[in-house]
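>>> Here is a sequence together with a model predicted from it:
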Amino acid sequence: MIDGDVVVALDVGGTGMKCALIRPDGVVVHAERHPTDAGRGADAVVGTILAVADGLAGKARADGLTPTALGIVVPGVVDEARGVAVWSANVGFRDVPLRDLASARLGLPTALGHDVRAGGLAEARIGAGRDAEHVLFVAIGTGIAAAHVVAGSAATGAHGAAGELGHILVRPAGPICGCGRPGCLETIASASAVARRYAELTADPESTDRSDATPDGRSADLPDTGRTMVTAAEVAARAAAGEELATRVWREAVEALADGLATGQALFDVETIVLGGGLAQAGAGLFDPLRAALRDRLTFHREPRLVAAALGDEAGCLGAALLALDQLEKR
C-alpha cells in the first residue's frame, strides 16, 4: 500500500447503505449514505450496490486517490469463501454471486462478508476489543446477532451462518420468534422485543410494535398520525426513572440477555464481550445490572470483560474495508 491508496467499503442494510472510502490505516476520507430500497427486489438492490461502488471508485480517482479493493457486507447468510449472498430476508437475496458481480463491474479485488461479523471484526481489531485475542461481539437491535473473533479473524461457520446468538433458546414458553420457534433470545432481549413487551403490558396504542421501527431503538414516526412509538431506548429511560412496568420489561430483557451471554461464554470462553446496537446505548442502565446478572450465572467459567462498542454505526463499513484489505494480502 502507498499514500493515496483507499478501499471502497459498503455496508448494506435493508433500509440504507453506509458507504465510504477508507485508507489502510482505518481513516475514513469520504462517506456517503444511500437508500437500499429493498422493496424493489434483489436485482434492483444489486444494481444499486454496483452503481454506488463504481461511483465511489470514480470519486476516489477524481480526488487523486487510488482504489485498490472493494469490500461489501450484507445481512443474512453469507458464503464468504464463494462470495455469495446466500439468503437475506431484509434485502431479498437468494444465492446472489455478489463478489464476482462487483469484481467484474469495478475491476477490483473484492471481498463479500456478513454485516455483523464485519462489525465484530472491526471492533476486535481497532475498536473496543482491540486488546483481546478472543472477542464476542453482540449486536442488539431489531434482532440479536454475534461474531466470535479469534486473533483478528471472525468465524463464519460451515454454512456461513455462525453467530446467530439471537436464536439461543432462553424461554421455552416465550413468544414465537420469526424463525418459527418459541423463546429465542431475541424475542425477549432485542430492542424490538422490549418495545413490543412494553406495549403489551401498557396496552398503549402509541406503543404498538412496528416492523419498521429503527433497528437502533430510536423513535420512529407513525406514518398515519405523526406520533411516535415507545421504543426500547424510551423503555430504558422510564425504567431508570422508576416506572414499574418499564422496570419489569427491562429486568426481563436483562435477565434473558445474561442467559444468552452466559451460554456464549460457556461456548467460546472469550476475554471480552463487546455490546453494540441501540440497546447498548442505555449505558450503565444496561451494563451494571447485566454484569451482575452474568456474574451470577457463571460457575467455573472466567468472567469476561463486558464493554460497549466503540465504533458506532461505522463498524460495518470499517469491517468491510478490513475484509478487502485481507483479500489483498492473500493475493
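Received it, and whenever you're ready, just let me know what you need. Numbering: from 1, shown residues only.

>>> what about the helices in the stretch 101-250 of the chain?
Here the stretch 101-250 of the chain has its helices, by DSSP state H, counting those that start in this stretch, at 115-126, 186-189, 191-202, 232-240, 244-268.

>>> how about TSV for those helices, with distance to residue 87 and mean pLDDT added?
Backbone N, C-alpha and C define where each C-beta goes, glycine included. Output for these, formatted as TSV (distance: least, CB to CB, whole Å; pLDDT from 0 to 100):
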stretch	distance to residue 87	mean pLDDT
helix 115-126	14	97
helix 186-189	18	97
helix 191-202	20	94
helix 232-240	27	95
helix 244-268	23	97
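
>>> Next, format the ones you listed as TSV and append distance to residue 65 and mean neighbour count.
As requested, those are arranged in TSV below (distance: least, CB to CB, whole Å; neighbours: other CB atoms under 10 Å):
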stretch	distance to residue 65	mean neighbour count
helix 115-126	21	28
helix 186-189	40	28
helix 191-202	37	23
helix 232-240	38	22
helix 244-268	39	20
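
>>> Out of the ones you listed, the one nearest residue 141 is which?
helix 191-202 (5.4 Å; CB to CB).

>>> If you count contacts, what does the closest one end up packed against?
Counting contacts by 3 or more CB pairs under 8 Å, 6 or more residues apart in numbering; DSSP states H and E, helix 191-202 is packed against helix 186-189, helix 232-240, helix 244-268.

>>> chain center to it, what's the gap?
In terms of CA atoms, centre = their mean, to the nearest Å, the centre of helix 191-202 is set 21 Å apart from its chain centre.

>>> Use 26 as the first number from now on
From this message on, residue numbering opens at 26, which makes the last subject helix 216-227.

>>> now the angle from that helix to helix 257-265?
Compare the direction of helix 216-227 with that of helix 257-265 by axes from the mean of the first three to the mean of the last three CA atoms, to 10 degrees and you get 50 degrees.

>>> got the angle between helix 216-227 and helix 269-293?
Using the same axes, to 10 degrees: helix 216-227 against helix 269-293 is 150 degrees.

>>> Please put the alpha-carbon coordinates of helix 216-227 into PDB.
The C-alpha trace of helix 216-227 is given here as PDB (Å, rounded to 0.1, in the frame of the first residue of the first chain):
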ATOM      1  CA  ALA A 216     -34.800  -3.700  21.000                       C
ATOM      2  CA  SER A 217     -38.000  -4.600  19.100                       C
ATOM      3  CA  ALA A 218     -38.900  -7.200  21.800                       C
ATOM      4  CA  VAL A 219     -38.500  -4.700  24.600                       C
ATOM      5  CA  ALA A 220     -40.800  -2.200  22.800                       C
ATOM      6  CA  ARG A 221     -43.300  -4.900  22.000                       C
ATOM      7  CA  ARG A 222     -43.400  -6.300  25.600                       C
ATOM      8  CA  TYR A 223     -43.900  -2.800  27.000                       C
ATOM      9  CA  ALA A 224     -46.700  -2.200  24.500                       C
ATOM     10  CA  GLU A 225     -48.400  -5.400  25.600                       C
ATOM     11  CA  LEU A 226     -48.200  -4.500  29.300                       C
ATOM     12  CA  THR A 227     -49.400  -0.900  28.900                       C
END
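
>>> Spatially nearest residue to residue 173, not counting backbone neighbours?
Of all residues not flanking residue 173 in the chain, residue 180 sits nearest, at 4.8 Å (CB to CB, 6 or more residues apart in numbering).

>>> Which helix or which strand is home to residue 351?
Following DSSP states H and E, one finds residue 351 within helix 340-355.
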